[in-house]
Structures are given as C-alpha cells and as structure tokens.
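**Q** Got a predicted structure plus its sequence, pasted below:
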Amino acid sequence: MPAIEDPVAFIRRETRVKPVPHAEEIRLHLADEAMDLWQKTEEELGELGLPPPFWAFAWAGGQGLARYILDTPDLVRGKRVVDFACGSGLVGIAAMLAGASTCHAVDIDPFALVATRLNAAENGVTLTIETADITEAAVPQADVVICGDVFYDRAMAGQVLPFLDRLLKAGMEVLVGDPGRSYLPKDRLQELAVYTVPVVGALEDNEIKRTGVFRLTEK
C-alpha cells in the first residue's frame with residue numbers, strides 16, 4: 001500500500017474528536033460519513049479497492065466491550081492486555097483507563113495504528129502498537145485478549161477462531177464484543193452483558209444495535 005505523506009494530518013483533517021456514544025468517558029477521532037472517508041483514503045493513496053476505514057468509527061461490539069470494561073475494571077486491573085484487531089483503539093483505551101498494567105494494540109491496517117496512537121494520547125493513556133497479522137504468530141504475552149467486532153465475515157471468523165483457541169489453551173482470558181453477526185461462534189460464548197448501542201446507520205443495518213459482551217470458552 002502506498003504511504004500517505006502525513007497520515008496524522010490526514011486523520012485530523014478528515015475526522016472530529018467526539019465522545020463515544022456508549023462510553024462517553026472516551027473521546028476518539030471519528031468520521032461523520034463512511035463512504036466519503038473511504039473515497040478520500042483511496043484518492044490520497046491513489047489506490048482503489050482498499051478495505052473500509054474501520055479505524056474511523058466506534059463499532060457496536062467495541063462500544064459494548066469498552067462499556068463493560070469501564071464498568072467492571074477488575075477484569076483488566078493490573079493485567080497485560082492485547083487489543084486484537086484494535087481499529088480505533090477504543091477497547092484498549094478503555095482497558096488502560098480501567099487500570100490495565102499494559103495494553104498492546106494490534107491491527108493489520110497501518111491507518112488504524114496511527115489513529116490508535118492519536119486516540120490514546122487524546123485520552124491520556126499509552127498503548128504499544130503493532131501493524132501485523134498475528135493470527136499465525138507466536139502466542140502473545142498477555143493475561144487478557146479483547147476482541148471487538150472480529151466475526152464480521154466467514155473468512156475472518158475462520159482465521160480468528162483457531163488463533164483465539166490457541167490463546168485459551170495458553171491460559172489467557174478472551175473477551176468478545178459483538179452485535180450478533182452471522183459468524184459469531186454463539187455455542188462457545190458465555191454472555192456477560194447486553195447493551196443497546198448507537199451506531200452509524202450507513203455501516204450497519206440499523207442505527208441501534210443490541211450488542212453482547214462475552215467470554216470465549218474452550219471447545
């Protein structure tokens with residue numbers, strides 16, 4: 001992927017810092033219009049067919065997971081956290097605000113990591129970041145792995161679930177936030193909370209999503 005000359009300036013220009021609807025303690029650089037930002041990203045890079053700018057929106061699963069972590073800080077307090085497929089960094093920021101000892105944010109999209117760094121600074125926390133696909137890598141050093149909105153299609157779910165199974169076998173706790181997407185492994189989930197979450201209607205099938213927070217269990 002070609003590099004944007006100044007991705008920080010691009011993100012600041014094309015987003016606004018706003019409170020997250022379901023976790024108002026947290027402020028993120030968020031876009032108002034999904035399609036406009038997607039087009040501008042492709043124009044800036046001179047490349048068509050880029051993935052959607054997941055980093056520029058507060059998705060339903062991430063909002064629910066962030067809310068639950070803020071309200072249940074003992075889940076992460078003093079623990080090492082990995083925010084897998086971090087997007088905007090919302091859930092990792094919530095973990096640090098709740099008292100996690102560290103949070104390592106990982107995503108395959110370099111834009112996401114730039115946005116995550118900006119968002120972390122906006123909220124007065126520090127995350128370590130990594131642009132990588134870690135699903136085939138060595139098991140990370142962590143106590144808790146947080147995953148918001150990672151089961152959105154068959155290919156992603158098929159890649160993610162075996163990775164999360166390896167984490168469970170290594171003794172980590174895996175927390176999932178999701179509004180009930182088609183490829184969510186429902187038979188493997190212990191429900192912890194349910195929320196009604198405002199979302200961007202252009203990205204979802206509704207402007208309000210019933211969103212669950214779950215603990216992934218072993219097979």
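**A** Arrived safely.
**Q** C-alpha only now, for contacts and for neighbours.
**A** Will do.
**Q** which residues does the residue nearest the centre of the chain contact?
**A** In the chain, the C-alpha nearest the mean C-alpha coordinate belongs to Cys86, at 3.5 Å (Cα atoms, centre = their mean). For Cys86, the set of contacting residues under the criterion of Cα atoms under 8 Å, 6 or more residues apart in numbering consists of Trp55, Gly92, Ala105, Val106, Asp107, Ala112, Thr116, Cys147, Gly148.
**Q** Longest helix in the chain, please.
**A** The longest helix of the chain (DSSP state H) is helix 154-169.
**Q** in it, what's buried?
**A** Neighbour counts over helix 154-169 (16 or more other Cα atoms under 10 Å) mark Ala157, Val160, Leu161, Phe163, Leu164, Asp165, Leu167, Leu168 as buried.
**Q** between these, which is nearest Pro198?
**A** Relative to Pro198, the closest of those is Ala157; by Cα to Cα it sits at 24.0 Å.
**Q** Surely that closest one is in contact with Leu164?
**A** No. Using Cα atoms under 8 Å, Ala157 and Leu164 do not qualify as a contacting pair, with a distance of 10.3 Å.
**Q** what's the helix or strand that contains Ile11 packed up against?
**A** Assigned by DSSP states H and E, Ile11 belongs to helix 7-14. Using 3 or more Cα pairs under 8 Å, 6 or more residues apart in numbering; DSSP states H and E as the contact criterion, the neighbours of helix 7-14 among helices and strands are helix 110-122.
**Q** Next, work out how far apart Pro162 and Asp133 are.
**A** Applying Cα to Cα, to the nearest Å, one obtains 14 Å for the distance of Pro162 from Asp133.
**Q** ok, back up a step: list just the nearest of the contacts of Cys86 to Gly99.
**A** Each of the contacts of Cys86 was scored against Gly99 by Cα to Cα, and Gly92 proved nearest at 10.8 Å.
**Q** show me what contacts the closest one?
**A** Val81, Val82, Asp83, Cys86, Cys103, His104, Ala105, Leu127, Ile146.
**Q** quick one, phi/psi of it?
**A** For Gly92, the backbone dihedrals are phi -60, psi -40 (criterion: degrees, to the nearest 10).
**Q** So it versus Arg12, what's the distance?
**A** Between Gly92 and Arg12 the distance, using Cα to Cα, works out to 20 Å.
**Q** for Val174, same thing?
**A** Spatial separation of Val174 from Arg12 under the definition Cα to Cα is 32 Å.
**Q** Please identify which of those two sits among more neighbours.
**A** Shown here are Val174 and Arg12; by other Cα atoms under 10 Å, Val174 has more neighbours (20 against 15).
**Q** for the more buried one, what are its contacts?
**A** When contacts are counted by Cα under 8 Å, 6+ apart, Val174 is found next to Val144, Val145, Ile146, Cys147, Leu164, Leu167, Leu168, Arg215, Leu216.
**Q** One more: Cys147?
**A** Going by Cα under 8 Å, 6+ apart, Cys147 touches Gly62, Asp83, Phe84, Ala85, Cys86, Val174, Leu175, Val176, Gly177.
**Q** By mean pLDDT, point me to the weakest helix or strand of the protein.
**A** Within the chain, confidence by mean pLDDT, DSSP states H and E is lowest for helix 34-45 among all helices and strands, at a mean of 50.
**Q** No further questions, thank you.
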